[in-house]
Structure formats: structure tokens, C-alpha cells
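Asker: model this:
(chains A and B)
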Amino acid sequence: MNFLAPLFFMAMAGLAIPVLLHLTQREKNQIMRFPSLMFVRRIPYQSVRRRKIHNWLLLFVRMAALAMIILAFARPLIGREDASVAPGQGAREVVILVDTSYSMGYGARWEAARAAALAEVGRLTAADRGSIVLFSSGAEIVARSTNERERLTAAVSTAAPGSGGTRYAPALKVAGSILADSKLPQREAILISDFQRIGWRGEEGARLPQGARLTPVPIQGGSDAPNIGITTISMARSTFSNQERVSVTAGAVNRSDKPVSGSTIALDVDGVPVESKPLTLAPGASTSVTFAPFTVRAKNMRGTVRLAKDALAADNAFNFVISPSEPLRMTVLDRGGAPALYLARALAIGDAPKFAPTTKSADALSDEDLRVSAVVILNDSAVSTALARRLHRYVEQGGGLIVVAGPRATWPQDVDLLPGSIGNAVDRSRSGNSARIGGIEFGHQIFEAFRAPRSGDFTMPEVFGYRAVSAVPTAQVLARFDGGSPALLERRLGRGRVLLWATTLDRAWSDLPVSPVFLPFIHRTVRYAAAYQEPKPWLIVGQVLDPTLVSSTRTTQRVVLTPSAKRLALNDEGSEVLELTESGFYELRGREGEDIPVVVAANVDSSESDLTPIDPKEITAAAVGVPGGAGGNTGPGVPLTPEAQEKNQRMWWYLLLVGIALLAADTIISNRMSKA
Amino acid sequence: MDPAVLARIGNLELVSRVVADGFINGLHKAPYFGASVDFAEHRGYVPGDDIRRMDWRLWARTDRYYIKNYEAETNMNFSVLLDVSKSMDYGSRGITKLEYAKIVTACLTNLVHHQRDRVGFCAFDDDVVEHVPPSAKHMETVLHVLERLKPGTKPGRLKEPLHKLAEHFGRRGVLVVISDFYDDPQTIVEAVTPLRFRGNDIIVFHVLDPTELEFGFNDAQPFEDLETGEQMPVVPEAFREEYRSLVQAHILALQQAFAAVRVDYTMLDTSKPLDFVLYKYLGSRQKLRQAR
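Answerer: Predicted structure coming up:
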């Protein structure tokens, strides 16, 4: 018999307590009140000991009760020969984790990994059950807890390295869940991987169940083969002869220990080679290569920077999508249809994106103008009820509206669209009485760029007049005049945004247009109102494809064509997202076949091409808590199920009951003795 | 009569009458009860003495002038000074020391009142608690005060209250001090002695419960001092002999110390009948007279 908590036996020293009590004080009766202890105190105190034990039964009961309770706390563990199995015997639950990250395509690693997995499958007996989990940045169970070896073999044979990076934690969590559900006496996870350091971040929570083993099978070799990869590219746009041209610069790195010479790096666009250059790289060195500019003629042009073939092919290509830069279209409603000087000048300077304002009078605004405009600017104009309602619908459908409230601005009361009601004009034109702009929400996207010191001072421009505005409850005040009256307010309605500027954007009421902050303020305000996002030329495998990320249009794309020519339909009712799993070009089309598809380039994570290995013991130690790879089964027997463990330790319960019963008997005996 | 039975009667007037009357009825048989005489002594004439008190017959016989001194205190003052400290509230035989002392006080007061003497009463613990000045009319008052007298809540101290009372007894008389005298004998005597300075006769009754004398406990248990609240574990069988010797030594020391200052000391056992007390009292009075 063993004990789980043998330290409790130190409490056995407490058994002396009843004996000492018995010898020193037979009974603790009630306190005897005595007139004076004057004489008793004079008697020299001596250790008064009872020289004989008067009640053996009481003493025995008390000592036995204490002994039983101490034994119970020591948690006796009876022999488990009947409940356990000998080491190496009994059915096994085996989870084979196979790394399918693209780094496994390096040299002959994948073949070695597949052979190792097949060998593990071959070692399974008829009583064993096996699972195949393929993992890269995520984990996928392709065969779960089955004794059909053919199925397991087929799962391994059909697997291939993908485009994902290596992450061990998700795979270990999946293995842990499979092993935790198993009732078999032996549980083991076999991790077949090239053990890249990049795949292990010391993730917590990736632990196998108690008693499960983790056997690492490192797949190494081929490290002497050259491996160069493209890390990133940058694109510089320029205009030449009224045509937009793009110059691509690619970064390349040699991640192997061997120098690379005589290799090539090439750029092709839409399948047409643009330029090819020789590439020479020392071990661990990196370089950048700039290609000759090419003309951007159409939308969604597909470009690829390629390296010559090497041991790891997945990182040799870098895809991107380029389209002619599209201006941000907007309509400026100005009185008389003439463009306001300062606003027009500011909008003419925009580069990324370019602004394409169309100035009209409020009466001339057509539905087509609203359809093509991302933003409508109402520059100090009187608005009729009909126009206000059209703008209301426009904003609800995702349009942006900027209302500049100068001296002539009006808004119908019955259309609830603005973030505040426009009140009377406040005259601050007297000398020394001008208002300043303060109370700015620098955390807002518009003013974020002005947060840092010397990044533009809004308190310098003077405001000589403004419209008193009382904000509606759903509005957010982004800036205030020094008197507390709102200067800039925002309100979101439907999918669109409405901004209200309480003074003019010309010099009639303010000298803001001639201050340095005017230009960035106008650009950021317009971009924010239009909810403008720069199109991403590429995404990384593992990222989620959101149609709104790649398209600024408000059309919905529902069908995805993957690089491997699979056709996937996005769920109408579920999320409109898709995780990218392949490198290449994804196409998004409408179900009904829209004319211009949206193309997204997907690239592998370049960090995965860093093949620096990690010691597998680091992962096994974290997963099972024992560096050797076995958790809890290094003893003479195989770990028991929780039920069997509980059964073996149940004796403490009975000992505690006996102890309590003896204490009750002690109480009864003591009471009877005291009455006697 | 058993003191415990008397304690159950409750009415102190009735108890004192029963005890005193029974005692007086039996006095005529008492062999040592001498007749009371007015004449006390002769002393030589000094100029200024009242010549009416001259003993002319003695002058005729001896040709010398003598003055006859008579007992002046035919109606003397009599007061009981009763200790009501917490330690007096102890009894193991159905009557506490305080109850016993109250009965003793009532009986003595009754007896003295029958002799037309003035009776008074004082109770004290660490200070004077009750004070009834001596008067021929205060018999009922004394009994009433005794009836409602409760044991004190403070530890007893003799020195301060007795010294304070010594200032009040300006006229000679008889003072009876009843206490359990849990203090150093010398301290006790020093506390009581000032009462004699005005010529008072002092009688001391040392009241003790038989348990205090014998320490007849059996079980080891914690003992709590009634006065100080102090607790200490006591194993009686180990303490008993030494305790008894200490108590006897204390009593002996008190006897000797009081004898040295001419104070009549009597130890009272609350298990003994009260007649014994009265005999003791009157016997001591007789001895005092003889000694004077």
C-alpha cells in the first residue's frame, strides 16, 4: 500500500496529545469558584502528573480516532495490479500529427515525413486505434480514431504540403482532445515535422491529457541545399505620357548556408514577362531588385515575381494584383455651382487616392451623381426637403455626407439626418473676440494624425463666425469651439456617415483655409466620410478573405474561384469570409456573373521559409510536462483511467468515517463518565 | 439550630429573636456569667475631682481620700463592621459566609438591643458600603439594611474602609469586625488596630467555610479566585495538606497578632451553630471586664 500524502504521518505526533491530557488533567470540569487562591498561590507549583492512566478505553478510543483521521488524510493507495496493465501492453490510441506546412516541401522532407507516418500506421495492431491530423497554421482531422489501417494509409498517401505556415499548438490541442476522449490504456501522439522554431511560440494550453505520450519524429536533412525566397515587394506608381506606370521592387533573401549564384529573379504581369535579372546571394544575405516599370492598363492585373527553382519552391513566387489608381469620386454642392476656391484647391492635390470632385448646385444633383459619388459635400447650401430625403437614402446605403454650415446653410427640420440641428450664427468678428478650435477628439480617425506634438495646431486658426449647433443624442462631437459649441460632429446612419462642420471652409468666417492643417484636415475628412481603404495588392495565406477588404465598391461578391480552380460559394446567411489556403490568385465573382471580377493575390508567409529548427524536447516538455516525452507513465505501470484511480484511493473515505464514529463514541463515553 | 436552616428562614428579625431569646433563656445556667456591677475601681483623689464621688467610708477606715469610679457605659455603643466583599459570597454547606455573618450580626444586634444598648452597623468591601450610626432606635434599621444587603462586586480591602470608619466612632463602644480576612495577618491587624484608638473594644470574627479550612475537593480542575478572577489549575490531592497547614498558620498568626493588640479574635466555622458565637461573644465580654 502506498500513500499519496505521506507527510500527513507527521501528524501522528498528535497521538501523544490524548496521553498527555490524560496524565495531566483527567477531566476538565467546570471552573471551581473559590473565595481566594491566596494560599494556593503560595504552594510552590510543581509539575503535577498523574502517575497512572485511569481510563484505558477512553484513551484508546481517542488515539484510534486520531490515527484513523491521519491515515485518511495520508490518502492510502491500494495495490493496483488488478486494475493496471503492464508497460507496453494494452491497446493504443495513436494520433499521428503530420506537418503539411510549405516548408515540408524543402528537399525530400515530405517524402520522409510521409514514410514516417506510414510506418507509424503500420505499427498499429488490430486493437489499436489511429487518427491522422494534418496541420500547418491550423489542424485538420482527416481520420479520427479508427482501426481501419487502409483508411489511415490513404489519408497519409493523399496528403501533400500546402501553403500554410507551421503552428504546433493547434495540432497538439486537436491531439489532446482526441486522446482525452479515448478509453484505451495507452495514448500516444506522434508529431512528424521538420520542427521549425518559427512554429512554436511557447503556446500555453497545448497540453496532452495526463498519461499521454508525445513522440517527436523530426524530419531533417537537405539543409545544404540552397533556399532563397522573396520576402516582400513594393510598388511605386508614376505617370508617364498620361499613362500610369508601376515600378516593382522585390526583396530576396538566402536562408540557406550555401551561397547562391547564377540564379534569376523575374517579373511577369498577366503572364507576360517584364524583366528577368540575375541574382547572386551570399549565405544569409538579402537584396532588393527593382524591375523596369510597366504600364497599368487594366484593372486587376496579375503580377508575379519569380525566383529560379530551388529546394523550397513555395517561397519562390510572390503574387500581387495591381489596378489603375481610381480617384475618389465626390460631388460638391455649392451655391451657384461654382467651386469654392480653397476646397477645390485642396481636393485637387490629393494623390493617394486622388480626389475627383464634381461641383454642382444643389438643384442639379442627379441620381447618377449620387450613385458614382463616395462623398457628397454640402458647402454652405440651402437644402430642400426633397434633396434632404434623397441624401438620407444615399447615406443609409453607405454614402458619405459632409455638411458645411456657413451663413446660408439650411436643413429641413423634418428630415433627421444631421448630427445636430443648425442654429443661429454666432458673430465673433470683433477684434480679439475670435473663436478657436479646441476640444478635439484626437483618438478619432480624422484627427489621429494631429495627435503628436508639432503635427498641426488647430488652435492657431481664428474663427470669426459659426453656426450654433445642438448635437443629437446619437452624434459624436469631434471638435468644439472655445465657447463649447460643437465645431465638427459625426453621426452614423445605416452604412454611411454624416459629418457636420459648423463654420465655413472659405475665409468668410475663418482663416482655417490658409493654415497648414487645412489640407490634411480636408483630405482625412473626405477619406473618412467615404470610408476609403486602400486596396491591398496581396494577402497572406491564412488570412481571411473579406470582400470589403479588396473592393471599395458596394457590390456583393458571392463566388470564389481558388488558385487550384475550385469554385466556392460564400454562404448567404453565414459570414461572407473565406480563409485563404493557397498561394496564387483568388477571383471573386457575383453569382449572376458580373463583368469585372475582383482578384486577390495570396502569398505564403515568408517567415515559414526560415528553416531554423527547434529542439523537439522543448515542445514535448510543454505538451506533456516531461522532457522525455512521456507524461505520467514512466512508472512500472500504465496510467489508470480516472475511475480506476478513484477506486484505488477510495479507502481514505472509509478511514475518515471510522475516525468520525470513534469520535462520536468518545463523546458518549466521556458524557457517561462525567455523569457517573 | 443549624445555620443552614436559619438561613432558609430568611427573616433576620425572626432569626435573631429565635436565637437570642433561646440563648438568653439559658443564660441563668451559665456558670461563668457574672453579675454586672456599676462600681469599677478606686483611685486616689487629685485636686479638681468632684468631692461627691469621694468614698467617705474608705476615708474613715484609712484616713486617705479615694474616688469611686463607676462603669459609665451602662448604655454602650455597639456596631458591627461586616465585610461584604466577593469572597464572602461563598458557601459549600447551603449557607454562604455572608449569610452566616448577617445572621450573626442580627443575633448580636438583637442581643445587645435587649440590653438597652445602642446598635449600629457598617458594611464594607474596599470602601464603606452601608453605614447605620449607633442608636437605641436603630435596631429595625440595622435589620432592614441587613435584609437587603447583597454581596459586593469588589475585592475586599480592610485598611481603607476601617481607617475611614475609625474616624466615625468617637464615643467608646464595642465594635465587632466580621470578615474572612484574606490578607496578610500583619496588614489585617494594622487595619483593625486604629479602631481601638478611641477606646473601643474590638471583637473580630473570622468567618470561614469548612471547605476553606479542609480543602475537601477531589477533582483536578481550574480554580477561579472570586475576588480577582484569576484562574489556575489545581490538583487538590496534591495541594490539600499544604493548603491546610497554610490556613492554620494564617489563623494562628491572626490569633497571635490580635492578642498582641488586645483584640478578641474568634474563628467562626459556618457549619457550627450560632449559639457558639454568642457564647463566645459574651465570654469575651466577661473576660474583658475581668481584665479591666
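
Asker: all contacts plus neighbour counts: C-alpha atoms, from now on.
Answerer: Noted.

Asker: and A:V560, what helix or strand is that in?
Answerer: Assigning secondary structure by DSSP states H and E places A:V560 in strand A:559-561.

Asker: can you list contacts of that strand?
Answerer: With contacts defined as CA atoms under 8 Å, 6 or more residues apart in numbering or on different chains, strand A:559-561 is touched by A:567-570, A:586-591.

Asker: Compare the residues you listed and tell me which has the most neighbours.
Answerer: The most neighbours of any of these, using other CA atoms under 10 Å in any protein chain shown, belong to A:L588, which has 28 neighbours.

Asker: now the strands for the stretch 151-292 of chain B?
Answerer: Along the stretch 151-292 of chain B, counting by DSSP state E, counting those that start in this stretch, strands occupy B:173-179, B:201-208, B:221-225, B:231-234, B:264-269.

Asker: out of those strands, nearest to chain A?
Answerer: Judged by CA to the nearest CA, the one of those that comes nearest to chain A is strand B:221-225, at 4.7 Å.

Asker: Which residue comes closest to A:A155 once chain neighbours are left out?
Answerer: The shortest distance from A:A155 to any non-neighbouring residue, by CA to CA, 6 or more residues apart in numbering or on different chains, is to A:V142 (6.4 Å).

Asker: So B:V104 versus B:V132, what's the distance?
Answerer: Separation of B:V104 from B:V132 (CA to CA, to the nearest Å): 17 Å.

Asker: Name the residue in these two with the higher neighbour count.
Answerer: Set B:V104 next to B:V132 and count neighbours by other CA under 10 Å: B:V104 wins out with 25 against 17.

Asker: Who are the contact partners of that one?
Answerer: Contact analysis of B:V104 by CA under 8 Å, 6+ apart lists B:274, B:277.

Asker: Tell me, how many residues neighbour residue 146?
Answerer: No chain was given, so I picked chain A. What A:T146 shows, counting by other CA under 10 Å, is a neighbour count of 17.

Asker: Can you look at chain B instead?
Answerer: B:L146 has 23 nearby residues by other CA under 10 Å.

Asker: cool, and A:L662?
Answerer: Going by other CA under 10 Å, the residues that sit close to A:L662 add up to 21.

Asker: Give me the pLDDT for it.
Answerer: Looking at A:L662, its pLDDT stands at 91.

Asker: Could you check how far whatever residue of the stretch 501-650 of chain A ends up closest to chain B is from A:L4?
Answerer: Among the residues of the stretch 501-650 of chain A, A:R650 lies closest to chain B, at 43.0 Å counting by CA to the nearest CA. Remark: distance between A:R650 and A:L4 (CA to CA) = 12 Å.

Asker: With B:L213 instead?
Answerer: Separation of B:L213 from A:L4 (CA to CA): 61 Å.

Asker: And B:P222, by the same measure?
Answerer: Taking CA to CA as the measure, B:P222 and A:L4 are separated by 43 Å.

Asker: Looking at those two now, which is surrounded by more residues?
Answerer: When neighbours are counted by other CA under 10 Å, B:P222 and A:L4 differ, and B:P222 comes out ahead with 19 against 12.
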